[in-house]
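dropping the sequence and predicted coords here.
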Amino acid sequence: MRPGRLGELLPVTLPVVQGPFGGGLSSVELTVAVSQGGGLGSYGAHILSPDAITALVARLKSATDRPFAVNLWVPQDGEDEAVDPGPHLDRLRPFYEELGVPVPTGAEAAAHPDFDEQLDALIAAAPPAISLVMGPPPPRLVTAARRLGIVLIGTATTVEEAVALEEAGVAAVVASGSDAGGHRGAFLRPVRESLVGTFSLVPQVADAVAVPVIAAGGIADGRGVAAALALGADAVQIGTGFLATRESGASPVHRRALGTPEARTTVLTRLFSGRTARGIPNRFVREMSAHEELVPPYPVQNALMQPIRRAAAAQDRPEYVNLWAGQTAGLSRPGIPAAEYLAALVADAEKRTAPEGTAATAAG
């Protein structure tokens, strides 16, 4: 497989981007494995402090001479407003008690790294690529990226968002369909008005923008890769498939949930972080479903849920873990090494995109 227009932006040899995982699900090992394999490894850094971002980029640069991306979340309106966590803590108190973890304080619930300070640190560290979700890049980031030769990638959930990102100055657009696992990045309209399936979104985005388009959501094997490229994508971004690999930062209980019959069903929920995300429904999601519209926005709800998520993962209790997964999670292969998964993905896609008769001729 050739890297296409993605290869014109970065010295990758494959048109494959590893989806960036936030909330501790990323790992240096996975990012490096994908980059070393010829793709674009990615690391989700939205919960990291500026100093941690500086250290992360230095570590990645020392671990690989191949390109990689570091991802940040753009703040959304209303997320900096003061919220009284009291009523929300009361709803969660039985879960804290069941898992034996202390109830977080209001100060803990309000703490979150400052985006501008994160951005300053990331620009200074100068990774080969910076990707963003939840909004367009600030003008100063566009200016700095062009000056430093950093490839800037934005994420769109609608055609309108893709056009806005191109106008803002990104070098490539991820067309993230509603099939994708994890957090939805809608920023021009509410999430409920921005749920376009990947294979409806990709060709429309490819027609609407001139920059390279990276298809994301519901792509887990060579069939999905071949389909996305046929619809006009220049590359694919795969999240859940890589989340299931041995090197990912997902907990064992999370990885085991992927590739199971239960993983064939996913839902959109705000319960774990205060932002809408797709995951496998479990006991917590079902019992708290009536409170979907009552939970506080990110980052407050995220902080309130953090002790529950961490304790549940440590205690091997999937009923309380945020089991982020896309709609093709049932195709995942939990525990497979990332390099092996990437190689199999490419081989399968090449077989499906080869001209008719090529495989037979090559075989003899």
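The structure has been received and is ready for your questions.

strands of the stretch 151-300 of the chain, start to end?
Assigned by DSSP state E, counting those that start in this stretch, the stretch 151-300 of the chain shows strands spanning 151-156, 172-176, 182-183, 213-216, 235-238, 267-269, 277-279.

tell me which residues of the first one come out buried.
Using 16 or more other Cβ atoms under 10 Å as the burial criterion, the residues of strand 151-156 that qualify are 151-156. For every residue, glycine as well, the C-beta is placed using N, CA and C.

follow-up on the earlier one: which stretch among the strands of the stretch 151-300 of the chain comes nearest Leu294?
With Cβ to Cβ as the criterion, Leu294 lies closest to strand 267-269 of the strands of the stretch 151-300 of the chain, at 12.7 Å.

just the buried residues of stretch 246-266, please?
Across stretch 246-266, burial judged by 16+ other Cβ under 10 Å covers 246-251, 253-259, 262-263, 266.

before we move on, the earlier item: okay, the strands of the stretch 151-300 of the chain in JSON lines with mean pLDDT and distance to Pro137 next?
Formatted as JSON lines, the strands of the stretch 151-300 of the chain follow (pLDDT from 0 to 100; distance: least, Cβ to Cβ, whole Å):
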{"stretch": "strand 151-156", "mean pLDDT": "98", "distance to Pro137": "6"}
{"stretch": "strand 172-176", "mean pLDDT": "98", "distance to Pro137": "12"}
{"stretch": "strand 182-183", "mean pLDDT": "97", "distance to Pro137": "18"}
{"stretch": "strand 213-216", "mean pLDDT": "98", "distance to Pro137": "16"}
{"stretch": "strand 235-238", "mean pLDDT": "98", "distance to Pro137": "17"}
{"stretch": "strand 267-269", "mean pLDDT": "98", "distance to Pro137": "26"}
{"stretch": "strand 277-279", "mean pLDDT": "98", "distance to Pro137": "22"}
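
so which of those strands comes closest to Asn322?
Of all the strands of the stretch 151-300 of the chain, it is strand 277-279 that lies closest to Asn322, at 5.9 Å by Cβ to Cβ.

from the contact counts, what lies against the closest one?
When contacts are defined as 3 or more Cβ pairs under 8 Å, 6 or more residues apart in numbering; DSSP states H and E, strand 277-279 packs onto strand 182-183, strand 267-269.

picking up where we left off before, just the closest of the buried residues of strand 151-156 to Pro318, please.
Of all those, Pro318 sits closest to Thr155, with 28.0 Å by Cβ to Cβ.

what's in contact with the one helix or strand Arg352 maps to?
Assigning secondary structure by DSSP states H and E places Arg352 in helix 338-353. With Cβ atoms under 8 Å, 6 or more residues apart in numbering as the test, helix 338-353 has contacts from 1, 14, 16, 29-30, 33-34, 36-39, 221-223, 225-226, 229-230, 238, 241-242, 245-248, 333, 359.

follow-up on the earlier one: for Ser200, which of the strands of the stretch 151-300 of the chain is the nearest?
Comparing the strands of the stretch 151-300 of the chain by their distance to Ser200 (Cβ to Cβ), the top pick is strand 172-176, with 9.9 Å.

just want the angle from the closest one to strand 151-156.
Here the directions of strand 172-176 and strand 151-156 differ by 30 degrees (axes from the mean of the first three to the mean of the last three Cα atoms, to 10 degrees).

returning to that earlier point: the helix holding Arg352: how far from the chain's middle?
Here the centre of helix 338-353 is set off from its chain's centre by 21 Å, with Cα atoms, centre = their mean, to the nearest Å.

buried ones in it?
338-339, 341-342, 345-346, 348-349, 352.

same thing with stretch 278-285?
The neighbour-count check on stretch 278-285 (16+ other Cβ under 10 Å) flags 278-280, 282, 284-285 as buried.

what is the end-to-end distance of it?
11 Å (Cα to Cα, to the nearest Å).

now the stretch 51-200 of the chain, which segments are flagged as low pLDDT?
Counting by pLDDT under 70, the stretch 51-200 of the chain contains low-confidence residues at 80, 106-111.

nearest to Glu319, of the strands of the stretch 151-300 of the chain?
Short answer: strand 277-279, nearest of the strands of the stretch 151-300 of the chain by Cβ to Cβ, at 12.6 Å.

the strand or helix carrying Leu119: what's the following helix or strand?
Counting by DSSP H and E, the element that carries Leu119 is helix 115-125. Per DSSP H and E, the first helix or strand lying C-terminal to helix 115-125 is strand 129-133.

ok, residues contacting that following strand?
Strand 129-133 is contacted from outside by 10, 20, 40, 42, 67-74, 122, 141, 145, 150-155, 170, 174, 176, 183, 185, using Cβ under 8 Å, 6+ apart.

and that strand with strand 151-156, angle?
20 degrees.

pull up the pairing partners for strand 129-133, direction included.
Strand 129-133 has its sheet partners listed here by DSSP bridges as strand 68-73 (parallel), strand 151-156 (parallel).

do you know how far Glu29 is from Ala82?
39 Å (Cβ to Cβ, to the nearest Å).

for Val133, same thing?
When distance is defined by Cβ to Cβ, Val133 is 25 Å away from Ala82.

and for Ile336?
Ile336 is 45 Å from Ala82, where distance means Cβ to Cβ.
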